[in-house]
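> Predicted model and sequence below, questions to follow.
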Amino acid sequence: MDWFYLFIAGLFEVAWAVGLKYTEGFTRLRPSVFTVIAMAFSFILLAQALKTIPVGTGYAVWTGIGATGTALIGILLFGESRDIGRIVSLILIIAGILGLKLTASH
């Protein structure tokens, strides 16, 4: 269950990172409320996962999910670069996440 919590925490990290784009510096109420709620859920679930997952592994996986997911959303929704180097780099982050999961001491 701890890895499930960590995965969902990573998805909430993507949600709040993308939400920041819409807050316009926290000047827009609804996107700001959404972003803060997503942040709270992300941190709560991360904390829950870290009860049993080593902190270095958990934090690296959480940020990896957030970084990869946010970059993919940027490509799909905001027309950000689809350069091959960028795609290969995202694949390497995913490989790192999988490697950490497969070699976790827990």
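Happy to help now that I have it. Bear in mind that the values here come from a model prediction, so they are computed numbers and not experimental data. Numbering: from 1, shown residues only.

> what are the phi and psi values for the residue lying farthest from the centre of the chain?
In the chain, the residue that sits farthest from the middle, by C-alpha atoms, centre = their mean, is residue 27; the gap is 23.5 Å. The phi/psi pair for residue 27 (degrees, to the nearest 10) reads phi -100, psi -10.

> Kindly report the same for residue 81.
Torsion angles, degrees, to the nearest 10, at residue 81: phi -50, psi 140.

> From residue 104, how far off is the closest residue to it other than its chain neighbours?
Excluding the flanking residues, the one nearest residue 81 by C-beta to C-beta, 6 or more residues apart in numbering is residue 75, at 7.4 Å. No exception for glycine: its C-beta is placed from N, CA and C like everyone else's. For residue 75, the distance to residue 104 (C-beta to C-beta, to the nearest Å) stands at 29 Å.

> So which residue is smack in the middle of this structure?
Note: the chain centre (C-alpha atoms, centre = their mean) maps to residue 66, 1.7 Å.
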